[in-house]
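Visitor: okay, sequence plus prediction incoming.
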Amino acid sequence: MLRVFRYLYVFGFLLTILGVTEWGKPSAAAQTPVPRQTTIIVSYTEYEWWLTSWVDNAILCRIFIDHEGLPSEDEVLANCGSGLLAAWRDTPPCNQIASGEGNTWSCHGLYLFFVSSQPKDKEVIVNLPTMTVYVTLEGCNPVPPENRCDTLPSLMLTAVEPLPNERIMRIQGLQNGLPFACEANACAVPLKTTPIEGIAVEFWADSSFGDSSEHFSAQVRVVDTGVTSTPDSGGWYVDVLSSLWRGGPLASCSQTWTAFPPVGGMPDWLATPNHEDLIASDGAYYYLAGRLINQGIADASSCPSSGLLPNGYADACGLEMAKPFVEIWQNQFDARIMDVSQQSEVPAQLMKNLFAQESQFWPGIFRVPYEFGLGQITDNGADAILLWNSAFFSQFCPLVLSTEACSLGYLHLTPQDQTVLRGALALQARSDCADCPAGVDLTNVAFSVQLFADTLKANCEQVAQIVYNATKEKPGTVVDYENLWKLTLANYHAGPGCVSYAVHMAWLTAGSLSWDEVSKQFTEPCRGVIPYVEKISR
């Protein structure tokens with residue numbers, strides 16, 4: 001079973017990295033923008049060298065460089081070719097010169113001879129900073145999760161010209177295929193009701209420099225609430241997806257997937273309530289109760305076998321005796337979950353449900369060793385965050401490896417360095433502590449919560465690639481937001497091998513990537529992920 005699962009993981013890893021350069025590819029208009037450049041004149045000193053034969057002092061090659069000292073091998077190669085470079089590189093020392101005899105007729109090979117230097121000017125092409133166009137709304141500031149506006153807003157496009165003495169001449173674009181233009185650096189594009197899948201808006205800016213910016217894009221959805229019973233209940237649900245968005249927070253991973261969240265708000269399991277009390281739980285967790293009894297936090301001595309089963313779980317009596325402590329323990333992390341959710345935009349209730357399934361809120365070793373923290377990160381899980389969350393990798397890697405090694409990116413590290421990095425990350429989430437109360441270092445749990453939020457976002461990225469590989473479409477065009485989160489949970493728990501195979505088969509056989517269709521395609525070693533996802537997404 002383990003060998004099959006590992007094979008599936010490798011299968012999924014290869015499928016996802018093979019398409020890494022494809023996912024997120026810009027539109028045709030933005031693929032080959034005209035470079036923004038200017039030419040300047042730079043003064044320098046030109047040094048002339050000759051590559052000469054010892055035998056007859058024949059000049060075989062002239063080399064021109066712009067620095068003091070001998071030409072480098074690359075400069076010899078560029079001016080003289082690989083044959084002369086090899087002959088010069090293989091030339092032995094001329095001992096006659098070293099001894100002061102002065103007779104060099106018996107020396108062999110090639111030597112460099114300095115000829116002269118002189119002042120020169122050259123043209124240098126300089127890349128200039130480019131324009132950008134930011135996106136907000138005018139006439140409404142929608143607040144998640146509903147994103148409701150009382151009146152129809154306008155899409156506000158604001159262009160920025162970074163070059164001094166230049167200005168934005170106009171902003172223009174296409175709204176659902178229809179052109180618009182504004183002779184200024186800001187443009188308010190009126191919105192109206194759209195289909196449920198939204199409409200595309202393409203836009204760009206023109207500069208007095210004489211060029212145009214990239215062609216940027218946004219996906220806009222405006223849906224009538226359909227409620228008119230009271231003055232405050234009507235209006236429109238307005239959602240905007242764009243990498244240039246500078247309005248309020250977007251639903252987690254919606255930009256990654258180009259997928260609109262559910263109209264009018266999230267289902268409960270993807271919600272982030274206003275207060276930590278609203279994610280409080282009172283689950284009957286037998287393993288958690290067993291750990292609390294074992295650590296002496298709960299007293300079940302009046303129960304047979306002290307309320308413990310041979311596997312370390314509590315029995316019914318042990319759970320009853322430990323119940324008050326179980327409830328306190330499972331909710332002590334809620335404030336931290338809420339803080340991380342606000343920062344990362346990963347739904348708080350999703351994280352709470354995931355921790356319940358993964359560890360029953362026991363951040364030490366749970367069912368098996370080598371799985372750490374509230375979310376039970378594994379070697380494969382560390383692989384995902386280091387490969388798919390570039391911001392996290394750039395911050396974490398230099399803490400473990402050299403800056404030079406980290407600059408290559410995770411895929412280009414040596415296998416040994418990748419193993420070291422994964423191990424260091426897993427240990428960061430480890431909370432077991434023999435000298436701590438209850439045997440758990442609770443201060444390390446705070447890091448653990450942020451780590452799992454970052455890991456979930458990495459899985460969002462990986463699922464986006466998996467869906468694109470199977471369909472060659474943006475994920476949000478073939479799978480809705482809620483189902484994409486279910487695929488992400490499956491990827492987090494079972495790995496990309498299980499999910500890649502099931503997604504590809506569902507698309508081939510049913511042309512659909514709903515959770516109902518994908519779950520039918522999981523192979524036997526992967527089918528345990530089905531109840532896992534369904535419990536979290538209830």
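Guide: That came in fine, so what should we check first?
Visitor: any weak-confidence spans in the stretch 201-350 of the chain?
Guide: Across the stretch 201-350 of the chain, residues meeting the criterion (pLDDT under 70) sit at 227-233.
Visitor: at 50 what do you get?
Guide: For the stretch 201-350 of the chain, applying pLDDT under 50 flags the ranges 229.
Visitor: the strands in it, which residues?
Guide: Listed in chain order, the strands of the stretch 201-350 of the chain (DSSP state E, counting those that start in this stretch) span residues 216-224, 236-241.
Visitor: point to the helix or strand of the protein where mean pLDDT is at its lowest.
Guide: In the chain, the helix or strand scored least confidently by mean pLDDT, DSSP states H and E is helix 28-31, which has a mean of 41.
Visitor: and the helix or strand just after that one, which strands flank it?
Guide: Per DSSP states H and E, the first helix or strand lying C-terminal to helix 28-31 is strand 37-53. Note on strand 37-53: by DSSP bridges, its sheet partners are strand 59-65 (antiparallel), strand 110-127 (antiparallel).
Visitor: so, low pLDDT: which residues of this structure?
Guide: In the chain (pLDDT under 50), the answer is 1-7, 10, 18, 21, 25-31, 229.
Visitor: domain parsing for it?
Guide: 38-126, 132-250, 276-377+429-536 (automatic domain parsing).
Visitor: spatially nearest residue to residue 324 (excluding sequence neighbours)?
Guide: residue 298 (8.0 Å; Cβ to Cβ, 6 or more residues apart in numbering). Bear in mind the C-beta positions are built from the backbone N, C-alpha and C, glycine included.
Visitor: surely the one you found meets residue 292?
Guide: Yes. The criterion here is Cβ atoms under 8 Å, and residue 298 meets it with residue 292 at 4.3 Å.
Visitor: mind listing the shared neighbours of the two?
Guide: 322, 325, 326 (Cβ atoms under 8 Å, 6 or more residues apart in numbering).
Visitor: closest to residue 189 among those residues?
Guide: residue 326 (54.4 Å; Cβ to Cβ).
Visitor: wait, isn't that closest one in contact with residue 291?
Guide: No. With contact defined as Cβ under 8 Å, residue 326 does not count as touching residue 291 (9.7 Å).
Visitor: quick one on the thing from earlier: go through the strands paired with strand 37-53 and pick out the most buried.
Guide: Greatest average neighbour count among the strands paired with strand 37-53 goes to strand 59-65 (a mean of 15), per mean count of other Cβ atoms under 10 Å.
Visitor: how far does that one sit from its chain's centre?
Guide: 49 Å (Cα atoms, centre = their mean, to the nearest Å).
Visitor: and if you look at stretch 392-411?
Guide: 15 Å.
Visitor: buried residues in it, which are they?
Guide: Residues 392, 393, 396, 397, 400, 401, 405, 406, 410 are the ones in stretch 392-411 that count as buried (16 or more other Cβ atoms under 10 Å).
Visitor: thought the last one was touching residue 393?
Guide: To tie it back to what came earlier, the one meant is residue 410. Yes. Counting by Cβ under 8 Å, residue 410 does reach residue 393; the two are 5.6 Å apart.
Visitor: what residues do the two have in common as contacts?
Guide: Joint contacts of residue 410 and residue 393 (Cβ under 8 Å, 6+ apart) are 386, 387.
Visitor: hang on, the earlier thing: any idea how far the residue nearest to residue 324 lies from residue 68?
Guide: 77 Å (Cβ to Cβ, to the nearest Å).
Visitor: these two: which is more packed in?
Guide: residue 298 (23 against 8; other Cβ atoms under 10 Å).
Visitor: give me the contacts around stretch 517-536.
Guide: 1, 4-5, 8, 269, 350, 353-354, 356-357, 486-487, 489-490, 493-494, 497-499, 501-503, 505-506, 509-510, 515.
Visitor: before we move on, what about stretch 432-444?
Guide: So stretch 432-444 is in contact with 291-292, 295, 297, 332, 362-365, 428-431, going by Cβ under 8 Å, 6+ apart.
Visitor: among these, which one has the most neighbours?
Guide: Among these, residue 291 has the most neighbours (other Cβ under 10 Å), with 28 neighbours.
Visitor: that one and residue 362 touch, don't they?
Guide: Yes. Counting by Cβ under 8 Å, residue 362 is a contact partner of residue 291 at 5.1 Å.
Visitor: in this structure, which helix is the longest?
Guide: helix 443-471 (DSSP state H).
Visitor: residue contacts, residue 483?
Guide: 513, 514, 515.
Visitor: helix/strand/coil for it?
Guide: Assigned by DSSP: H, G, I helix; E, B strand; the rest coil, the conformation of residue 483 is helix.
Visitor: can you check residue 86 too?
Guide: helix.
Visitor: and it, how far is that from residue 247?
Guide: Taking Cβ to Cβ, one finds residue 86 at 61 Å from residue 247.
Visitor: which one of the two has more residues nearby?
Guide: residue 247 (17 against 13).
Visitor: quick one, phi psi at the closest residue to that one other than its chain neighbours?
Guide: Computed as Cβ to Cβ, 6+ apart, the closest residue to residue 247 that is not its neighbour in sequence is residue 136, at 4.7 Å. The phi/psi pair for residue 136 (degrees, to the nearest 10) reads phi -140, psi -170.
Visitor: again, but for residue 70
Guide: As for residue 70, its main-chain torsions (degrees, to the nearest 10) stand at phi -60, psi 150.
Visitor: grab the nearest non-local neighbour of it.
Guide: residue 112 (6.2 Å).
Visitor: and the strands paired with strand 37-53 as TSV, adding distance to residue 190?
Guide: Converted to TSV, the strands paired with strand 37-53 look like this (distance: least, Cβ to Cβ, whole Å):
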stretch	distance to residue 190
strand 59-65	61
strand 110-127	37
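Visitor: out of these, flag the one nearest residue 46.
Guide: That would be strand 110-127 among these, by Cβ to Cβ, at 4.4 Å.
Visitor: nearest to residue 116, of the buried residues of stretch 392-411?
Guide: residue 405 (43.6 Å).
Visitor: wait, that closest one sits on residue 413?
Guide: Yes. Between residue 405 and residue 413 a contact is recorded at 6.3 Å, counting by Cβ under 8 Å.
Visitor: please enumerate the shared neighbours of those two.
Guide: When Cβ under 8 Å, 6+ apart defines a contact, no residue borders residue 405 and residue 413 alike.
Visitor: and stretch 341-357, what's buried?
Guide: So stretch 341-357, judged by 16+ other Cβ under 10 Å, has buried residues 341, 344-357.
Visitor: show me where the stretch 201-350 of the chain has helices.
Guide: Assigned by DSSP state H, counting those that start in this stretch, the stretch 201-350 of the chain shows helices spanning 254-257, 286-294, 316-331, 334-344, 348-359.
Visitor: closest to residue 35 out of those helices?
Guide: Closest among those, once you apply Cβ to Cβ, is helix 254-257, at 26.8 Å.
Visitor: can you name the residues in contact with the closest one?
Guide: Residues from elsewhere that reach helix 254-257, judged by Cβ under 8 Å, 6+ apart: 241-243, 245, 260-261, 457, 460-461, 463-464, 467, 474-476, 479, 481, 484.
Visitor: of those, buried ones?
Guide: Using 16+ other Cβ under 10 Å, the buried ones in the contacts of helix 254-257 are 241-242, 245, 260-261, 457, 460-461, 463-464, 467, 474-476, 479, 481, 484.
Visitor: who's in contact with the residue with the shortest distance to the centre of the chain?
Guide: Ranked by distance to the mean C-alpha position of the chain (Cα atoms, centre = their mean), the top residue is residue 389 at 3.4 Å. By Cβ under 8 Å, 6+ apart, residue 389 lies in contact with 454, 455, 457, 458, 461.
Visitor: I'd guessed the last one sits against residue 388; true?
Guide: Yes. In this structure, residue 461 sits in contact with residue 388. The criterion is Cβ under 8 Å, and the distance is 4.2 Å.
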